[in-house]
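**Student:** just a sequence and a predicted model for now, questions to come.
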Amino acid sequence: QLQLVESGGGLVQPGGSLRLSCATSGFTLDETAIGWFRQAPGKEREGVSCTSSSGGSTNWLDSVKGRFSISRDNAKNTVYLQMNNLKPEDTAIYYCAAREHYCSPYAYRFASWGQGTQVTVSS
């Protein structure tokens, strides 16, 4: 059974850091692209970052470039999103999602999703 489980969210002050984890099972991670998306209240879901099956990575949002980085550990079947210098506008539910091989900034192209983890940036 294909499964993605996010963890690592929480409440953090502006300027703080969090590392989100996406634990996967039921499929071969090294043949899979994993994307991180987020959705803030009243806003559409947006793509944040992605790692392809080859290990390449991209940040889609200009607002997170230089602050967020994605990485994967295929041996542990886990993908991480390191978030530094967090800002209140980063507050959202963060989801990881899977599709075969290649990244896409479009959520509808990802077939499998986790349940999400809440990130709140507030003083």
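**Tutor:** That came in fine, so what should we check first?
**Student:** of all residues in the chain, which one is nearest the centre?
**Tutor:** With distances taken as CA atoms, centre = their mean, W36 lies nearest the centre of the chain, 2.5 Å away.
**Student:** that one pairs with what?
**Tutor:** Counting by DSSP bridges, W36 forms beta bridges with S49, C96.
**Student:** my guess is it meets V48, correct?
**Tutor:** Yes. Using CB atoms under 8 Å, W36 is in contact with V48, at 4.5 Å. Where C-beta positions appear, they are placed from N, C-alpha and C, glycine not excepted.
**Student:** what do the two both touch?
**Tutor:** The contact sets of W36 and V48 overlap at L81, Y94 (CB atoms under 8 Å, 6 or more residues apart in numbering).
**Student:** which phi and psi values does D30 adopt?
**Tutor:** Dihedral angles phi and psi of D30 (degrees, to the nearest 10) take the values phi -80, psi 0.
**Student:** and for the residue lying closest to it once chain neighbours are set aside, the neighbour number?
**Tutor:** Closest residue to D30 apart from its sequence neighbours, by CB to CB, 6 or more residues apart in numbering: N74 at 4.6 Å. Using other CB atoms under 10 Å as the criterion, N74 is surrounded by 15 other residues.
**Student:** ok, now G15?
**Tutor:** Count around G15 with other CB under 10 Å applied: 11.
**Student:** ramachandran angles for A75?
**Tutor:** phi -60, psi -30.
**Student:** direction included, what does the lowest-mean-pLDDT helix or strand in the chain pair up with?
**Tutor:** One helix or strand of the chain scores below all others by mean pLDDT, DSSP states H and E: strand 57-59, with a mean of 91. Partner strands and pairing direction for strand 57-59 (DSSP bridges) are strand 46-51 (antiparallel).
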